[in-house]
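> Whatever this is, show me its structure:
(2 chains)
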Amino acid sequence: MRATLRAAGPPVLFVVALLALWELWAGRSTSRNPVLPAPSRIWRAFLDTAPLLPGHLRTTLTETALGVLVGVGAGVLVAIVVSGWPFARRVLHPLLIASQTVPIQVLAPLLVLWAGFGLAPKIVVVALVVFFPVAVSTAAGLQGVDVELVELIRSFGGGRAVLLRMVMIPAALPGLFAGLRISLTYAVAGAVIGESIGATSGLGLYIARSQRAFRYDQVFVGVAVVTLLSMVLFSLVSVLSRVLCPWQRRTDRST
Amino acid sequence: MIVVDRLQHRFGILDVLDDVSFEVGRGRFCALVGPSGCGKSTVLRILAGLVTPTGGRADIDGRSVVGRVGQAAYMAQRDLLLPWRRALANATVGAEARGLDRRSARAEALALFERFGLAGFEQSWPHQMSGGMRQRLALLRTFVAGLDVLLLDEPFGALDAITRRDLQCWLDEFLAEHDRTVVLVTHDVDEALLLADEVLVLSPRPGTVTARVTSPYPHPRPSALVTDADFVSRKATILAALAQAGPPAG
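Take a look at the predicted model:
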């Protein structure tokens, strides 16, 4: 408990100090609708629109969760194909890189055109964002499997299913989680960008509407909720990774 | 019983084994010594079913092992413990890979932890254990696999001299109580004579058997045996055979 306090203390104090400075700086503004609203004003905007937020949050969360599932599924599949079949690696590699060079801001409007205002285009955006890091780091985990370990299991008569369960899956898991942690922060942002372009619900829509109404205090409320959501999801994946990869704990602590 | 008859092997243009023949009776211990790269590990890998020889025969209990895995318990120089399994779960890897009942393998392994000097470490991760303990755990895994034939490829090669000597004596004692057929690959002549009933000397590549020296002392053997006059003369015979074979081919 004391260790947790000691670890959490400095960043919390830093954030509180930043908020105080912000309040002092922005509080002097006499504008009715300042471009940089003070934290106290953002808090009031939060209380005012609080009843609207759960609905938007639920939409964004659903899109992110489904997108992450699709992205992880596709990433793992591609990692298996690519690490088990060198020819596939040569064919897919340029395509994989290319898929990451298209900016989401460009892709999202097209996806909305093709797939409508519903959940589908946002799920695709999130999946695209998650897919690449997961595929790359899972493939690295699979390719890094010790050949001698595989031989050992084989020498005892272990077949493909045994190898998969005893060696391949545990070897790939840490990489998968590393990739997921990297991409998760972008995943929520991807859903929000998708929503801001065309949606009937979601935090991105809430932010876009507030922007159009020049309610910058509400824009900040939206940003704060998106940030919190990303952080909660990040922690969730970290916990899941610790539970599923208990042998990794030592290295976790040192980093 | 292991029968290896006129075994030959080539990797591409490289002749690795040339006409290797030997027999190991049930419950006997045979050691292969030879210079690096003479193909002694290849003999073990063929017996483990991992390598298909280009010529000759290799049988265990009257059945060919060519291309047939799971007939013998193989242990490489590296401990090859799974980093994601605790010690006890690592001990049952061989048994599980063979499709044996996990629970009975666990019980059997657990009963042996004390004997292997690993009591209290059942729930440790491999990275928390010392090199000697990891090697003992790898041996334990080899025993619990429930196979009569053990193929040990320089099992103590990566250890310091003192730990090595300890483990050799301990393995000798353990095997005196448990009836297993063993083929050991080593380049430590003392180790070969101390543990085995028969020592085969292999020539540099392409490997062939150039000398056979028996080690007729009853098991378990005292570690002081290495200074016994008869032991030393047998050791001299092996060293002479190794020297006669010439420098290693690379």
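> Please count neighbours and contacts with C-alpha atoms only from this point.
Noted.
> Residue B:10 in helix, strand or coil?
Under DSSP: H, G, I helix; E, B strand; the rest coil, the three-state class of residue B:10 is strand.
> Show the contacting residues for it.
By CA atoms under 8 Å, 6 or more residues apart in numbering or on different chains, residue B:10 lies in contact with B:16-17, B:53-54.
> Pick the one among those residues closest to residue A:243.
Nearest to residue A:243 among these: residue B:53, at 44.8 Å, using CA to CA.
> Residue numbers of chain B in contact with chain A?
Contact residues, chain B versus chain A (CA under 8 Å from any CA of the partner chain): B:48-50, B:69-75, B:80-85, B:93-95, B:97-99, B:125, B:145.
> from those residues, which ones fall inside strands?
Among the residues of chain B next to chain A, DSSP state E puts B:73-75 in strands.
> Select from these the one having the most neighbours.
Using other CA atoms under 10 Å in any protein chain shown as the neighbour criterion, residue B:74 leads these with 31 neighbours.
> Got phi/psi on the most centrally placed residue in chain A?
Most central in chain A under CA atoms, centre = their mean is residue A:184, positioned 1.5 Å from the mean C-alpha point. Main-chain torsions, residue A:184, degrees, to the nearest 10: phi -60, psi -40.
> for residue B:58, helix, strand, or coil?
strand.
> Tell me what it is bridged to.
Beta bridges link residue B:58 to residue B:4, judged by DSSP bridges.
> At the geometric centre of chain B, which residue do we find?
residue B:152 (1.7 Å).
> Can you get me a residue count around residue 22?
By default, I'm working from chain A. Residue A:22 is flanked by 16 other residues according to other CA under 10 Å.
> The intended chain is chain B.
15.
> With residue A:158 instead?
24.
> ok, now which ones touch the nearest residue to it once chain neighbours are set aside?
Distance criterion CA to CA, 6 or more residues apart in numbering or on different chains; nearest residue to residue A:158, sequence neighbours excluded, is residue B:97 at 4.5 Å. Counting by CA under 8 Å, 6+ apart, residue B:97 touches A:153-154, A:156-159, A:162.
> The residue nearest to the centre of chain A contacts residue A:231, doesn't it?
No: counting by CA atoms under 8 Å, residue A:184 does not reach residue A:231; the two are 9.1 Å apart.
> ok, the residue nearest to the centre of chain A - contacts?
A:68, A:130, A:230, A:233-234.
> Please apply the same query to residue A:45.
Contact analysis of residue A:45 by CA under 8 Å, 6+ apart lists A:217-218, A:221.
> Give the buried residues for the least confident helix or strand in chain B by mean pLDDT.
Least confident element among the helices and strands of chain B, by mean pLDDT, DSSP states H and E: helix B:161-177 (a mean of 87). Residues of helix B:161-177 classed as buried: B:164-165, B:167-173, B:175 (neighbour count, 16 or more other CA atoms under 10 Å in any protein chain shown).
> Would you tell me what the next helix or strand after whatever helix or strand residue A:68 lives in is?
In the assignment (DSSP states H and E), residue A:68 maps to helix A:53-84. Per DSSP H and E, the first helix or strand lying C-terminal to helix A:53-84 is helix A:86-101.
> Quick one: work out the angle between that next one and helix A:53-84.
150 degrees (axes from the mean of the first three to the mean of the last three CA atoms, to 10 degrees).
> need the helices for chain B, in chain order.
Counting by DSSP state H, chain B has helices at residues B:40-47, B:87-91, B:93-97, B:102-113, B:131-144, B:161-177, B:189-195, B:229-244.
> which stretch in the ones you listed has the least confidence?
Ranked on mean pLDDT, the bottom entry among those is helix B:161-177, at a mean of 87.
> how much space between the residue nearest to the centre of chain A and chain B?
25 Å (CA to the nearest CA, to the nearest Å).
> Distance from the chain centre to stretch A:116-126, please.
Taking CA atoms, centre = their mean, to the nearest Å, one finds stretch A:116-126 lying 15 Å from the centre of the chain it belongs to.
> quick one: average confidence on it?
86.
> which residues sit against it?
Here stretch A:116-126 has contacts from A:63-64, A:66-68, A:70-71, A:104, A:107-108, A:111-112, A:115, A:186-188, A:190-191, A:194-195, A:198-200, using CA under 8 Å, 6+ apart.
> Report pLDDT for residue 196.
This is for chain A. For residue A:196, pLDDT reads 85.
> looking at chain B here, not the other one
pLDDT at residue B:196 comes out at 95.
> separation between the nearest residue to it once chain neighbours are set aside and residue B:144?
For residue B:196, the nearest residue in space outside its immediate sequence neighbours is residue B:29; the separation is 4.7 Å by CA to CA, 6+ apart. Separation of residue B:29 from residue B:144 (CA to CA, to the nearest Å): 18 Å.
> Next: residue A:190.
For residue A:190, the distance to residue B:144 - CA to CA - is 52 Å.
> Those two: who's more crowded?
Using other CA under 10 Å, the more surrounded residue of residue A:190 and residue B:144 is residue A:190, with 28 against 23.
> Quick one: residues contacting that one.
Listed by CA under 8 Å, 6+ apart, the contact partners of residue A:190 are A:104, A:122, A:125-126, A:129.
> so is it in a helix, a strand, or just coil?
helix.
> What distance do you get for it to residue A:224?
From residue A:190 over to residue A:224 (counting by CA to CA), the distance is 16 Å.
> Could you do residue A:242 as well?
Distance of residue A:242 to residue A:224, given as CA to CA: 27 Å.
> How about the residues of the stretch 51-200 of chain A by chain B?
Applying CA under 8 Å from any CA, one finds that the stretch 51-200 of chain A approaches chain B through A:148-149, A:151-159, A:162, A:167, A:170.
> quick one: contacts for residue B:240?
By CA under 8 Å, 6+ apart, the contact set of residue B:240 is empty.
> now with 10 Å?
Applying CA atoms under 10 Å, 6 or more residues apart in numbering or on different chains, we find residue B:240 in contact with B:211, B:234.
> any idea how far it is from chain A?
Here the criterion is CA to the nearest CA. By it, residue B:240 lies 34 Å from chain A.
> picking that back up, got CSV for the residues of the stretch 51-200 of chain A next to chain B, with pLDDT and secondary structure too?
Output for these, formatted as CSV (pLDDT from 0 to 100; DSSP: H, G, I helix; E, B strand; the rest coil):
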residue, pLDDT, secondary structure
A:148, 91, helix
A:149, 93, helix
A:151, 92, helix
A:152, 94, helix
A:153, 94, helix
A:154, 93, helix
A:155, 93, helix
A:156, 93, coil
A:157, 89, coil
A:158, 88, coil
A:159, 87, coil
A:162, 91, helix
A:167, 93, helix
A:170, 93, helix
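> Would you agree residue A:67 is in contact with residue A:131?
Yes: in this structure, residue A:67 is within contact of residue A:131 by CA atoms under 10 Å, at 9.2 Å.
> which residues are common contacts for those two?
Common contacts of residue A:67 and residue A:131 (CA under 10 Å, 6+ apart): A:73, A:125, A:187.
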